[in-house]
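Asks: here's a sequence, model it:
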Amino acid sequence: MPTITPDHLHALLASTDRDAALVVVAGRASVVPGDPSRGGPEEALVITTRDAVIAELDTGANEEQIERLAQRLDVALESLGS
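Replies: Numbers count the residues shown, from 1 in each chain. From the prediction side, this is the model:
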């Protein structure tokens, strides 16, 4: 089962916080407001930010593009051994 799913990216994109980030803590992914490196849990691994996803997907993202990005992020996370 993947750690990063399209649902995580949808939640990140839906965030009203421009600085929201997708992080992994203890093997679980979640969207957190603001920059987690400023006061977030030390063990949080930042996977991507809202702005980075918007830049990657551009304005006309479809579900297939979101699924592919989620897969790429999940593979990258797996390669880190997390």
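
Asks: which parts of this structure are strands?
Replies: 21-25, 28-32, 45-49 (DSSP state E).

Asks: wait, what's in contact with the most centrally placed residue in the chain?
Replies: Centroid-nearest residue in the chain, with CA atoms, centre = their mean: Leu22, separated by 3.3 Å. Leu22 is in contact with 4, 8-9, 12, 29-31, 46-49, 53, 73, counting by CB atoms under 8 Å, 6 or more residues apart in numbering. Glycine gets a C-beta too; all of them are placed from N, C-alpha and C.

Asks: quick one: it from Thr3, how far?
Replies: 10 Å (CB to CB, to the nearest Å).

Asks: ditto for Asp51
Replies: Asp51 is 21 Å from Thr3, where distance means CB to CB.

Asks: who's more crowded, these two?
Replies: Thr3 (16 against 13; other CB atoms under 10 Å).

Asks: I'd guessed the more buried one sits against Leu77; true?
Replies: Yes. Assessed by CB atoms under 8 Å, Thr3 is found in contact with Leu77 at 5.7 Å.

Asks: overlap in contacts of these two?
Replies: Common neighbours of Thr3 and Leu77 (CB under 8 Å, 6+ apart) are Val24.

Asks: mind checking pLDDT for the residue nearest to the centre of the chain?
Replies: Looking at Leu22, its pLDDT is 94.

Asks: partner residues bridging it?
Replies: On DSSP bridges, the residues paired with Leu22 through beta bridges are Val31, Thr48.

Asks: show me where pLDDT drops low in the protein?
Replies: Scanning the chain for pLDDT under 70 picks out 35-42, 59, 82.

Asks: biggest helix in it by residues?
Replies: helix 63-79 (DSSP state H).

Asks: returning to what we had before: common neighbours of Leu22 and Thr3, please.
Replies: Residues touching both Leu22 and Thr3 (CB under 8 Å, 6+ apart): Ala29.

Asks: show me what contacts the nearest residue to Val25 once chain neighbours are set aside?
Replies: Counting by CB to CB, 6 or more residues apart in numbering, Ala44 is the residue found nearest to Val25 once chain neighbours are left out, at 4.9 Å. Applying CB under 8 Å, 6+ apart to Ala44 gives the contacts 23-25, 32, 36.
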